[in-house]
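# Build me a model:
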Amino acid sequence: MLEVSGLEAGYGASRVLFDVSLRVGEGEVATLLGRNGMGKTTTVRAVMGLNAPRGGTVRFRGQPIAGLPPERVAALGIGLVPEGRQVFPTLTVRENLVATAADRFRRANPWTLPRIYRLFPRLEERQGQSARTLSGGEQQMLAIGRALMTNPWLLVLDEATEGLAPVIRAEIWATLGALKQEGLAILVIDKNLAALRALADRHHVVEKGVTVWSGSPADLDRDMDRVRGWIGL
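Residues are numbered from 1 along each chain as shown. You can find the predicted model right below:
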C-alpha cells in the first residue's frame with residue numbers, strides 16, 4: 001500500500017529526515033514511533049506532499065508519489081488526520097464533512113454523511129454547530145470523519161489521541177479498531193504504546209530522522225527494552 005525508502009526532507013536549509021523507511025501493507029495498521037522532534041510529523045508531511053522530499057522514494061499502491069502536490073496525493077487515496085486536528089473553525093460540522101467529500105474509486109460501501117454519523121453520533125447531534133465550538137475530542141472525531149469522507153485507501157493519523165480525555169481516547173482507539181476490521185490501511189502516530197500494541201500489525205521507530213527499528217508485534221515484544229529507550233518510555 002505505502003512504501004517509503006531512504007526518505008530525506010526538511011525545512012529550508014534545515015534537514016530533519018536523513019533515512020526514513022517504512023511500510024504499510026494492504027489492510028494493515030502500522031505505527032511510526034519516536035520522541036518529539038525526531039521527524040515523525042515531517043515524515044507525514046513529506047508523504048503527503050506538504051514538504052518536498054530531498055531524497056529517497058515514496059510509493060503508494062505501486063505508484064511513485066514523492067514530490068507530487070498535496071491535492072494529487074489526496075486524490076490518489078490518502079486521507080490525513082493532521083496533528084492539532086486543523087478543522088475549518090468557521091464551518092459547521094456538516095460543512096467540514098462535505099467540504100472535501102469524494103468517492104473517486106466508486107466504493108461498494110462509500111463513506112457518506114449518514115455513515116459518518118453512525119460512526120460518531122455526537123457529530124450528528126452537533127452537525128449545525130461551527131467546528132470552533134466543539135471540544136477537542138469532538139474536533140478529532142470531525143477530523144477523522146472528514147478524512148474518511150474522501151474514501152481513502154490509507155488513513156494517516158498524526159498524534160491520534162494527543163491531549164484528549166481518557167474516555168475520548170478509548171473511543172478513538174475503538175473506532176480505529178473498527179476501521180481496521182473493515183480492511184482500511186492505517187498509519188498512526190501516537191504515544192500510547194499499550195493501545196498501539198493492541199492494534200498494530202507493524203511498527204517503525206524513528207530517531208533523529210532515521211528509521212532505527214522496524215518489526216512485527218512479536219519483534220516489538222522481544223526488543224521492548226531497546227525500543228523504550230528510543231521512544232522515551
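
# Just the strands from the protein, written as ranges.
Under the criterion DSSP state E, the chain carries strands at the ranges 2-11, 14-24, 29-33, 55-60, 63-64, 78-81, 154-158, 185-189, 202-207, 210-215.

# Within the sheet, what are the partner strands of the fifth one, with directions?
Looking at strand 63-64 with DSSP bridges, its partner strands are strand 55-60 (antiparallel).

# Tell me how far the strand it pairs with lies from the chain's centre.
On the basis of Cα atoms, centre = their mean, to the nearest Å, strand 55-60 sits 17 Å off its chain's mean C-alpha point.

# same check, this time on stretch 152-168
Relative to its chain's centre, stretch 152-168 lies at 7 Å (Cα atoms, centre = their mean).

# which residues touch the closest residue to Val47 other than its chain neighbours?
In space, Val47 comes closest to Val58 once its chain neighbours are excluded; the distance is 5.7 Å by Cβ to Cβ, 6 or more residues apart in numbering. Every C-beta, even on glycine, is put in place using the N, C-alpha and C of the backbone. Going by Cβ atoms under 8 Å, 6 or more residues apart in numbering, Val58 touches Leu2, Glu3, Val4, Ser5, Leu7, Ala46, Val47, Pro64, Ile65, Ala66.

# Could you turn the buried ones of those residues into a PyMOL selection?
Per 16 or more other Cβ atoms under 10 Å, the buried members of those correspond to this PyMOL selection:
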select buried, resi 2+3+4+7+46+47+65+66
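
# Which one of the contacts of Val58 is nearest to Gly209?
Distance to Gly209 across the contacts of Val58 (Cβ to Cβ) is lowest for Leu7, with 9.0 Å.

# Quick one: residues contacting that closest one.
With contact set as Cβ under 8 Å, 6+ apart, Leu7 has these partners: Leu17, Asp19, Val20, Ser21, Thr43, Ala46, Pro53, Gly55, Gly56, Thr57, Val58, Ala66.

# neighbour-wise, which of those residues leads?
Thr43 (31 neighbours; other Cβ atoms under 10 Å).

# how far away is the closest residue to that one other than its chain neighbours from Val210?
Using Cβ to Cβ, 6+ apart and skipping the chain neighbours, the partner closest in space to Thr43 is Val20 (5.3 Å). In this view, Val20 and Val210 are 7 Å apart by Cβ to Cβ, to the nearest Å.

# before we move on, what about Ile172?
For Ile172, the distance to Val210 - Cβ to Cβ - is 29 Å.

# The two: who's more crowded?
Each of Ile172 and Val210 has its neighbours counted (other Cβ under 10 Å); Ile172 has more, 23 against 15.

# quick one, what contacts that one?
Neighbours of Ile172 in contact, by Cβ under 8 Å, 6+ apart: Gly137, Gln140, Met141, Ile144, Ala160, Thr161, Leu164.

# Mark which of those residues are part of helices, please.
Among those, the ones falling in helices (DSSP state H) are Gly137, Gln140, Met141, Ile144.

# For Thr175, see how far away Glu125 is.
17 Å.

# Looking at those two, which has the bigger crowd around it?
The residue with more neighbours, out of Glu125 and Thr175, is Thr175; 18 against 12, by other Cβ under 10 Å.
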